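A.B. asks: Here you go, sequence then predicted model.
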Amino acid sequence: MPVGGLVPRAVEDVADVVVRNAKIYTGDVRRPQAGALAIRDGLVTAVGDDADVAPLIGPSTTVVDALGRRVVPGLNDSHLHVIRGGLNYVLELRWNGVTSLRDALAMLREQAARTPKGQWVRVVGGWSAEQFAERRLPTPAELNEAAPDTPVFVLHLYQSAILNRAALRAVGYTRNTPDPKGGQIVRGRGGEPNGMLLAAPSALVLYSTLAKAPTLEGEDRKTSTLHFLRELNRFGLTSAIDAAGGFQSFPENYGTVIELAREGRLSLRIAYHLFPQTPGQELDDLTRWIETVRPGDGDEWLRLNGAGENLTWAAADFENFAEPRPELDNYEGEFEKAVRLLMENGWGFRLHATYDETIRRDLAVFEKLAAEGLFPGGNRWLFDHAETVSPDSLDRIAALGGSLSVQNRLSFQGEAFTRRYGLGTAAQAPPIRAMLDRGLTVAAGTDATRVSSYNPWVALHWLVSGRTVGGLALRPPQNRVDRQTALAMYTTAGAALTGEQDVKGVLRPGCYGDLAVLSEDYFTVPEPEIPHIESLLTVVGGRIVHAAAEYEEMDEELPPVSPDWSPVAHFGGYQASGRAAGAGSRQAELLGQAAAESKQHLRWRVGRGLASGHHRPSDPCFHF
């Protein structure tokens with residue numbers, strides 16, 4: 001755009017992109033603030049003020065006037081299931097950000113009406129009952145009423161799933177279907193499944209049921225992934241570490257991102273991990289991968305980062321806080337073989353561990369190998385989650401050169417965690433300040449998409465405020481972090497987990513040209529407003545990959561959403577609810593929603609002959 005005082009010149013080192021008139025937080029301790037920067041060939045070439053970048057503007061330079069807005073380094077989610085999420089994104093109805101169950105069910109009803117025969121309506125993570133005004137889950141009856149003929153699957157955290165009758169028929173669950181190990185099919189009178197599935201405590205019953213739903217193929221997978229990456233760019237994400245996960249086989253399920261990388265169409269930098277899928281076959285899988293690929297293979301857009309987040313299935317604890325902590329059988333023998341194999345072959349890893357009881361057992365194996373001089377052998381390794389890690393375990397992690405990646409799972413599960421373990425334990429879950437005080441690298445992420453939302457600003461709000469999406473304050477001030485520290489956990493710390501700390505997460509010459517122009521100033525906006533921040537312009541390697549508001553259509557064009565009945569084609573992704581309401585307006589909103597729900601329940605009861613349409617209070621004080 002033409003900007004007064006900045007005249008294009010014929011210069012050899014002309015910039016591809018210049019951002020000016022900005023409040024840039026660089027993340028560089030040597031120069032934390034700036035007003036302008038320039039990007040050429042994907043790298044930052046100049047950081048300063050408008051006068052510093054003016055000589056770099058040529059006829060082909062894209063000049064972005066930030067209009068005084070805050071600019072930050074591109075965000076990096078250190079634990080995101082981006083590959084799996086991309087393969088299914090356009091098939092999923094998202095309740096992320098929806099503030100009432102009434103609205104969520106209206107969306108579901110509308111989507112069911114447009115979903116063709118043979119397809120499902122699925123709501124898979126990113127929400128919690130606590131975010132709704134009604135503070136409850138939908139019932140199977142409500143799903144049946146909203147979609148009498150279309151299969152509906154609604155996943156709630158790691159705890160449960162709700163299916164309508166059509167979905168039960170589609171997956172073949174009957175009175176004769178046995179409960180899977182670690183799960184429960186809830187039954188009504190006569191033994192017939194009533195639509196509720198419970199993780200008890202394993203979520204395998206939830207995920208194996210979801211795996212029966214129709215999937216995308218071919219170009220539709222690529223289109224779905226492209227739209228998911230654009231959705232992540234919408235919030236200023238420019239990098240992510242894919243933590244692999246169940247039902248994500250290598251190389252089959254990685255083919256889509258590999259193809260997009262070859263075509264130069266990725267809009268998010270991805271460092272991925274490999275996760276053995278079959279219990280009892282883990283060592284065979286790891287051996288096969290070690291012989292074919294190595295950490296670091298790839299480029300700055302797509303690269304292998306190591307193994308995990310499981311190495312052996314028997315060593316994985318479950319994070320269903322509605323159930324007691326699982327008691328794991330003896331797993332150390334096979335687990336030690338897996339770690340030894342990785343260390344001997346120069347492979348780092350990440351490890352799912354929710355509870356300190358698991359972490360202590362894992363550390364004992366690492367210390368045994370360290371005594372042999374084998375661990376960590378110069379390899380990067382980390383624990384994920386670590387909600388109940390103890391001070392002693394943190395000291396042992398630091399002694400072994402480990403790192404940590406924490407996720408805002410308690411944004412969505414904090415109430416369940418508190419009911420089981422109490423407010424005292426919840427106040428230290430996870431002990432972020434104790435981690436940082438030991439000098440440990442602590443990166444932040446979401447663990448999206450099957451529990452938490454992929455919106456990084458919800459996670460940043462949790463880091464800063466200690467509150468759940470339902471408003472419950474869990475972590476006290478002494479276990480929170482300031483906004484600058486939280487942002488570093490979402491930028492430079494994530495870069496350290498992939499060995500890219502010298503080129504990523506900071507806006508200084510020689511580093512990747514990855515940045516976000518924010519809708520609100522993250523450093524000054526009132527704390528309750530942090531979850532509502534979005535990026536108006538996201539740049540990755542000098543490419544504008546997302547543009548909104550004044551910058552609309554400056555980004556790269558995407559193919560249309562396919563199939564055309566997709567929930568994303570109609571509703572989009574994260575449901576932005578606007579600025580946080582004040583206490584009074586929020587109370588009025590909740591009262592209105594409660595009144596609407598009361599009328600809806602009365603109509604339901606009248607329709608079934610359980611009440612008359614002329615409802616009067618039963619209190620004699622109100623009789624006329």
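C.D. replies: Perfect, I can see it now.

A.B. asks: CA only for contacts and neighbour counts going forward, please
C.D. replies: OK.

A.B. asks: Enumerate every residue touching R109.
C.D. replies: R109 is in contact with 146-147, counting by Cα atoms under 8 Å, 6 or more residues apart in numbering.

A.B. asks: Surely it is within a helix?
C.D. replies: Yes: per DSSP: H, G, I helix; E, B strand; the rest coil, R109 lies within a helix segment.

A.B. asks: Just give the nearest non-adjacent residue to C511, would you?
C.D. replies: V503 (4.2 Å; Cα to Cα, 6 or more residues apart in numbering).

A.B. asks: From T99, how far out is the residue nearest to M196 when sequence neighbours are not counted?
C.D. replies: On the basis of Cα to Cα, 6+ apart, the spatially nearest residue to M196 that is not a chain neighbour turns out to be I162, at 4.8 Å. Remark: distance between I162 and T99 (Cα to Cα, to the nearest Å) = 19 Å.

A.B. asks: again, but for D77
C.D. replies: D77 sits 24 Å away from T99, going by Cα to Cα.

A.B. asks: quick one, which of the two is more surrounded?
C.D. replies: The residue with more neighbours, out of D77 and T99, is D77; 33 against 26, by other Cα atoms under 10 Å.

A.B. asks: Can you tell me how far A307 is from R480?
C.D. replies: 30 Å.

A.B. asks: Same question for V124.
C.D. replies: For V124 relative to R480 (Cα to Cα), the value is 29 Å.

A.B. asks: Looking at those two, which is more packed in?
C.D. replies: Taking neighbours as other Cα under 10 Å, V124 and R480 compare with V124 leading, 27 against 21.

A.B. asks: what are the phi and psi angles of the more buried one?
C.D. replies: Reported as degrees, to the nearest 10, the phi and psi values for V124 are phi -120, psi 90.

A.B. asks: Test my guess that it contacts R450.
C.D. replies: Yes: using Cα atoms under 8 Å, V124 makes contact with R450 at a distance of 5.6 Å.

A.B. asks: Overlap of the contact sets of the two?
C.D. replies: Shared contacts of V124 and R450, defined by Cα under 8 Å, 6+ apart, comprise L155.

A.B. asks: Mind listing the residues bridging to the nearest residue to R234 once chain neighbours are set aside?
C.D. replies: Once flanking residues are discounted, R234 sits nearest to S535: 5.6 Å by Cα to Cα, 6+ apart. Beta-bridge pairing for S535 (DSSP bridges): L518.

A.B. asks: and S535, what pLDDT?
C.D. replies: S535 carries a pLDDT value of 98.

A.B. asks: Pull the residues that contact the helix or strand where M196 lies.
C.D. replies: Using DSSP states H and E, M196 maps to strand 193-199. Contact with strand 193-199 is made by 140, 158-165, 168, 173-175, 182-188, 205-206, 320, as judged by Cα under 8 Å, 6+ apart.

A.B. asks: just stretch 60-72 next, same as before
C.D. replies: Stretch 60-72 is contacted by residues 1-3, 8, 14-27, 57, 515-522 when judged by Cα under 8 Å, 6+ apart.

A.B. asks: From the residues you listed, list just the buried residues.
C.D. replies: 8, 14-27, 57, 515-522 (16 or more other Cα atoms under 10 Å).

A.B. asks: out of those residues, which are inside helices?
C.D. replies: Among those, the subset assigned to helices under DSSP state H is empty.

A.B. asks: ranges for the helices of the stretch 451-600 of the chain?
C.D. replies: 456-465, 483-489, 492-497, 567-571, 583-607 (DSSP state H, counting those that start in this stretch).

A.B. asks: same check, this time on the stretch 201-350 of the chain
C.D. replies: Counting by DSSP H, counting those that start in this stretch, the stretch 201-350 of the chain has helices at residues 204-210, 218-233, 255-262, 282-290, 332-344.

A.B. asks: Pick the most buried one from those helices.
C.D. replies: Counting by mean count of other Cα atoms under 10 Å, helix 218-233 has the highest mean neighbour count of those, with a mean of 22.

A.B. asks: So which residues of the stretch 1-150 of the chain form strands?
C.D. replies: Counting by DSSP state E, counting those that start in this stretch, the segments of the stretch 1-150 of the chain that form strands are 17-20, 23-25, 33-34, 36-40, 43-48, 62-65, 70-73, 75-80, 121-124.

A.B. asks: What of the stretch 401-550 of the chain?
C.D. replies: Per DSSP E, counting those that start in this stretch, the stretch 401-550 of the chain carries strands over the ranges 403-407, 442-445, 515-518, 535-540, 543-547.

A.B. asks: JSON lines for those, including distance to A51?
C.D. replies: Below are the strands of the stretch 401-550 of the chain laid out as JSON lines (distance: least, Cα to Cα, whole Å):
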{"stretch": "strand 403-407", "distance to A51": "40"}
{"stretch": "strand 442-445", "distance to A51": "35"}
{"stretch": "strand 515-518", "distance to A51": "20"}
{"stretch": "strand 535-540", "distance to A51": "22"}
{"stretch": "strand 543-547", "distance to A51": "23"}
